[in-house]
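*Asks:* Provided below are the primary sequence and the corresponding predicted coordinates.
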Amino acid sequence: MNKKAIKHEVLIEKEGQRIPLRKAISANLITQRKKHGLNQTQAGAIVGVNKTTYATWEQNRSMPTVDTLYALAQHYGVSMDKMYGLEDVKIEIRPEGEPKKVVAHKVVKVPKRGKIKQ
């Protein structure tokens, strides 16, 4: 049996707004790069990618791997939670492409440390 994998969109709730996790990561890549006075070429060099690849991450057209994001977090001196934008937020996971009216979803509180509470 060849079953098609169901893709999910992860939403985070910040300040009363739900935004895609991918968008939060892209925004944090820009914020951290600018905070440290780097251009895209320099930021990409930290993890061994060219400017074009790094730009696609910031433009939310593709995403860095977890390992790459970790290397950037280490370089910037921030946590992975900070890079993911997950400080004190709620997460909603729903099938990708679902309409805004969500029939079945899961909301979890992400603590600063420890296990996810459901």
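*Replies:* Good, I have the coordinates.
*Asks:* mind listing the strands the helix or strand harbouring Val10 pairs with, and their directions?
*Replies:* Per DSSP states H and E: Val10 is located in strand 8-14. The pairing partners recorded for strand 8-14 under DSSP bridges are strand 17-20 (antiparallel), strand 90-95 (antiparallel).
*Asks:* which SSE is immediately downstream of the shortest one?
*Replies:* In this case it means strand 17-20. Tracing the chain past strand 17-20, the next element assigned as helix or strand by DSSP H and E is helix 21-35.
*Asks:* give me the buried positions along stretch 9-26.
*Replies:* For stretch 9-26, burial by neighbour count (16 or more other C-beta atoms under 10 Å) applies to Leu11, Ile12, Leu21, Arg22, Ala24, Ile25, Ser26. Just so you know, the C-beta spots here come from the backbone N, C-alpha and C atoms, and that holds for glycine as well.
*Asks:* list the contacts for the fourth one?
*Replies:* This points to Arg22. Residues in contact with Arg22 (C-beta atoms under 8 Å, 6 or more residues apart in numbering) are Val10, Asn60, Met63.
*Asks:* now with 10 Å?
*Replies:* By C-beta atoms under 10 Å, 6 or more residues apart in numbering, the contact set of Arg22 is Glu9, Val10, Leu11, Trp57, Asn60, Arg61, Ser62, Met63.
*Asks:* from Glu15, how far off is Asp64?
*Replies:* No, residue 64 isn't Asp; it's Pro. For Pro64, the distance to Glu15 equals 25 Å [C-beta to C-beta, to the nearest Å].
*Asks:* roughly how far does the residue nearest to Ile19 when sequence neighbours are not counted sit from Ile25?
*Replies:* Using C-beta to C-beta, 6 or more residues apart in numbering and skipping residues adjacent in sequence, the residue nearest Ile19 is Ile12, 6.1 Å away. Here Ile12 is placed at a distance of 10 Å from Ile25 (C-beta to C-beta).
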